[in-house]
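Q: quick one, fold the following:
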Amino acid sequence: MFSKKEGAILIVRLQPGEELLESLRAAIEKHGITTAVLLSGIGMLTETELGYFQGPGKGYFIHRFTEPCELVSLSGNVSRQENGYNLHLHAALAQAGGGAVGGHLMKATVHLTNEIFLLETGIPVFRRQEDSGTFGLYLE
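A: Numbers count the residues shown, from 1 in each chain. Prediction:
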């Protein structure tokens, strides 16, 4: 992983074989980010798991993709919580046959590269579990 922060922008480049969420979390921690919005994320992934929230008490239905897929869009936000960092990310993937899929990014391994740009906001936020089972975003 390579990362550099200038001003409020953090740029992260991930290498083949890295676990996306673990490596991104490490870069965010290294640079002392409190809260950020993901501006752009592109590259290629493999061994990817996307979640679809089924509703209160049902959790996520997980779609698994073992083949390499293009990461055509990665969006979301990052916040530091009492128990560590929360990465709330959604991904859109393009498959070899031209189809596209998307959902909550649960797990992914970098296939060739990932290029991720984040904007640090500095606005403190926290998450609290709601009746729906989701963890809602709250402003301090």
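
Q: what residues are up against the spatially closest residue to T34 that is not a sequence neighbour?
A: In space, and not counting its chain neighbours, T34 is closest to R80: 5.1 Å by C-beta to C-beta, 6 or more residues apart in numbering. Quick note: C-beta positions are derived from backbone N, CA and C, even for glycine. Shown in contact with R80 (C-beta atoms under 8 Å, 6 or more residues apart in numbering): I33, T34, T35, N86.

Q: how about R80, phi and psi?
A: phi -90, psi 130 (degrees, to the nearest 10).

Q: I'd like to know how far it sits from L87.
A: 11 Å (C-beta to C-beta, to the nearest Å).

Q: who's the most centrally placed residue in the chain bridged to?
A: Centroid-nearest residue in the chain, with C-alpha atoms, centre = their mean: L89, separated by 3.5 Å. Counting by DSSP bridges, L89 forms beta bridges with G76.

Q: buried stuff in the strand or helix carrying A36?
A: Using DSSP states H and E, A36 sits in strand 35-53. By neighbour count with 16 or more other C-beta atoms under 10 Å, strand 35-53 contains the buried residues T35, A36, L38, G41, G43, M44, L45, T46, T48, E49, L50, G51.

Q: which strands or helices does it pack on?
A: With contacts defined as 3 or more C-beta pairs under 8 Å, 6 or more residues apart in numbering; DSSP states H and E, the packing partners of strand 35-53 are strand 60-65, strand 69-81, strand 84-94, strand 100-120.

Q: how far away from the center of its chain is that strand?
A: Per C-alpha atoms, centre = their mean, to the nearest Å, the displacement of strand 35-53 from the mean C-alpha position of its chain is 4 Å.

Q: from E19, how far out is F65?
A: From F65 to E19 the distance is 15 Å (C-beta to C-beta).
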